[in-house]
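Enquirer: just need the structure, nothing else, for what follows:
(one chain, ligands or ions: 1)
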Amino acid sequence: MKKTVIALALSVAATMGVSAQKQEGLALTPPMGWNSWNKFHTDINEQLIKEIADAMVETGLRDAGYIYVNLDDAWHGQRDAQGFIHGDSVKFPSGMKALGDYLHSKGFKFGVYSDAGYQTCALYPGSRGHEFQDAYTYSQWGVDYLKYDWDRALNDAVGSYTLMRDMLYQTGRPIVFGICEWGENNTLDWAPGVGHLWRTGGDIGCWFDESPCHEKTILWVIENNNKAREYSGPDHWNDPDNLEVGNGMTVNQDRAHFSIWCMMASPLILGNDVRNMSQETLDIVKNAEAIAIDQDELGVQGLRYKVENGVQYWFKPLMNGDWAVCFFNTNKVPAKIDVDWTDFDFVDPLSKRSTGFKETTYSIRNVWTGKADGKTDRARSLVIPAEDVVMYRLVR
Ligand code: GLA
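Expert: Purely as a prediction, here's the structure:
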């Protein structure tokens, strides 16, 4: 059987370029789920992943849309004599396919992680030289999502990622392809045709505005991801990295972080221990109105219209002529702003959609209070708490 696969791999390689392409239509809205890295790093095992999945069912997260359960680095065991990768048999005693079956039986999709190099970032086996074998193995395990990391020792990012894209395609199994190359090799020029999402920068940390290490702050990630706005859209998303909500920031900071991810149409991949969540954390990540803004089918990354006195003004066009608006106060003290909607009468250069405040009156939904909040036909003054947001859906 395995010899047949290897022969098949070689014949596939020989016919490459004929039918190889990205698997289309797998991420028409930004993927939602959970990933092990932010909270657990390499300390993962079968029991943990099952408990996470069970908790996501019990807390309603799965039904809120978080359907991918993604193992990050360190699930790996060794390659066998023929080069096939296996899960770590101590950490995952039932095997990777059994874990995939468990996740599928609970209504989830199954994600794994690998690296384009010989080793992963945490020094487990990478896929270099085993691309088809690995893609084939993942398909046999029932994998639905691959996060594919980068090794700076390689020099051909386009070739490395295109190769894995093509190998996934050849398996015939729909597998979302997440590029994790930190925006280092002119990523935006090639990633939209290769992956369903791509990291726009380095690793996020649970730091709002100052980081003591290499990990990026929430504010840094927002600046960086905002620069790539015009590249994102249905089936090809900018990925500012997984969420840090529930990992130790204040409730205000968590709410602001989540809100801006939604405004940027980012993948919403939780990175916390969903078995132990405060009510505040749950209320943030389960907010259906915020999620609907992220998942809106128009698929336009929000525009940061202006920044004034540390307050960021974000606008995101939505289906049916609606708009999402988010006023984000990055200051450590509350900010008072005056909002006269006609000041924001503009045409978004990317979507060509007009806010049309002069001729259109919208009804206002306050996303975080969940209440109707007047109309856009009159000006208002707002006090935005420190490091927090006021977020609206403007309904046409
Ligand atoms: C890199 C990635 C992270 C994570 C780790 C795992 O740093 O950018 O998201 O996957 O590797 O080792």
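
Enquirer: okay, CA-based contacts and neighbour counts for the rest of this
Expert: Fine.

Enquirer: near the ligand, which residues of the stretch 201-350 of the chain?
Expert: residue 203 (CA under 6 Å from any ligand atom).

Enquirer: now the strands for the stretch 201-350 of the chain?
Expert: Taking DSSP state E, counting those that start in this stretch, the strands of the stretch 201-350 of the chain run over residues 237-239, 268-270, 303-308, 311-317, 323-329, 335-339.

Enquirer: before we move on, what about the stretch 51-200 of the chain?
Expert: Under DSSP E, counting those that start in this stretch, the stretch 51-200 of the chain gives strands at 68-70, 76-79, 85-87, 109-115, 145-149, 176-180, 197-199.

Enquirer: and the nearest residue to residue 289 once chain neighbours are set aside, backbone torsions?
Expert: Distances taken as CA to CA, 6 or more residues apart in numbering put residue 367 closest to residue 289, at 5.8 Å, once the chain neighbours are dropped. The phi and psi values for residue 367, taken as degrees, to the nearest 10, are phi -60, psi -30.

Enquirer: can you report how many residues neighbour residue 367?
Expert: Residue 367: 23 surrounding residues under other CA atoms under 10 Å.

Enquirer: now do the same for the residue in the stretch 151-300 of the chain positioned nearest to the ligand: its pLDDT.
Expert: Residue nearest to the ligand within the stretch 151-300 of the chain: residue 203 (5.1 Å; CA to the nearest ligand atom). pLDDT recorded at residue 203 is 98.

Enquirer: same thing with residue 112?
Expert: 99.

Enquirer: returning to that earlier point: how close does the closest residue to the residue of the stretch 151-300 of the chain closest to the ligand other than its chain neighbours get to residue 221?
Expert: Distances taken as CA to CA, 6+ apart place residue 215 nearest to residue 203, at 5.4 Å, with adjacent residues excluded. Noted for residue 215: a distance of 10 Å to residue 221, by CA to CA, to the nearest Å.

Enquirer: give me the more crowded residue out of those two.
Expert: A side-by-side neighbour count of residue 215 and residue 221, using other CA under 10 Å, places residue 221 first with 24 against 16.

Enquirer: which helix in the protein runs the most residues?
Expert: The single longest helix within the chain, with elements called by DSSP state H, is helix 157-171.

Enquirer: any idea of the angle that one forms with strand 176-180?
Expert: 160 degrees (axes from the mean of the first three to the mean of the last three CA atoms, to 10 degrees).

Enquirer: closest point of the stretch 1-150 of the chain to the ligand, which residue?
Expert: residue 121 (4.1 Å).

Enquirer: report the rounded mean pLDDT for stretch 343-351.
Expert: 98.

Enquirer: give me the pLDDT for residue 153.
Expert: For residue 153, the pLDDT comes out at 84.

Enquirer: could you measure from it over to residue 126?
Expert: From residue 153 to residue 126 the distance is 12 Å (CA to CA).

Enquirer: and the residue nearest the centre of the chain, what does it touch?
Expert: The chain has residue 267 as the residue nearest its centroid, 2.6 Å off, counting by CA atoms, centre = their mean. By CA atoms under 8 Å, 6 or more residues apart in numbering, the contact list for residue 267 reads 30, 31, 32, 237, 238, 239, 240, 241, 242, 261.

Enquirer: helices of the stretch 1-150 of the chain, start to end?
Expert: 2-14, 37-40, 46-58, 96-105, 131-141 (DSSP state H, counting those that start in this stretch).

Enquirer: mind showing which ranges of this structure have poor pLDDT?
Expert: 1-19 (pLDDT under 70).

Enquirer: now do 50
Expert: For the chain, applying pLDDT under 50 flags the ranges 1-3, 5, 7-18.

Enquirer: quick check: residues of the stretch 51-200 of the chain near the ligand?
Expert: Residues of the stretch 51-200 of the chain lying near the ligand (CA under 6 Å from any ligand atom): 72, 73, 121, 122, 180.

Enquirer: buried only: go through the residues you listed for me.
Expert: Those of those that meet the buried threshold are 72, 73, 121, 180, by 16 or more other CA atoms under 10 Å.

Enquirer: of those, closest to residue 280?
Expert: residue 72 (26.0 Å; CA to CA).

Enquirer: would you confirm that the closest one contacts residue 38?
Expert: No. With contacts counted by CA atoms under 8 Å, residue 72 stays clear of residue 38, the gap being 9.3 Å.

Enquirer: now the common contact residues for those two.
Expert: What both residue 72 and residue 38 touch, as defined by CA under 8 Å, 6+ apart, is an empty set.

Enquirer: the closest residue to residue 288 other than its chain neighbours: how many residues sit nearby?
Expert: Leaving out its chain neighbours, the residue that sits closest to residue 288 by CA to CA, 6+ apart is residue 64, at 7.1 Å. Counted with other CA under 10 Å, the neighbours of residue 64 add up to 17.

Enquirer: for residue 64, what are phi and psi?
Expert: phi -80, psi -10.

Enquirer: check contacts around the residue nearest to residue 368 when sequence neighbours are not counted.
Expert: When the adjacent residues along the chain are set aside, residue 368 lies closest to residue 391, with 6.7 Å between them (CA to CA, 6+ apart). Counting by CA under 8 Å, 6+ apart, residue 391 makes contact with 259, 324, 325, 326, 327, 366, 367, 368.

Enquirer: surely residue 391 is within a helix?
Expert: No. Counting by DSSP: H, G, I helix; E, B strand; the rest coil, residue 391 falls outside a helix, being strand.

Enquirer: returning to what we had before: residues in contact with the residue nearest to residue 289?
Expert: 289, 290, 391, 392, 393.

Enquirer: mind redoing it with 10 Å?
Expert: Contacts here follow CA atoms under 10 Å, 6 or more residues apart in numbering; on that basis residue 367 touches 259, 287-291, 293, 324-326, 373, 390-393.
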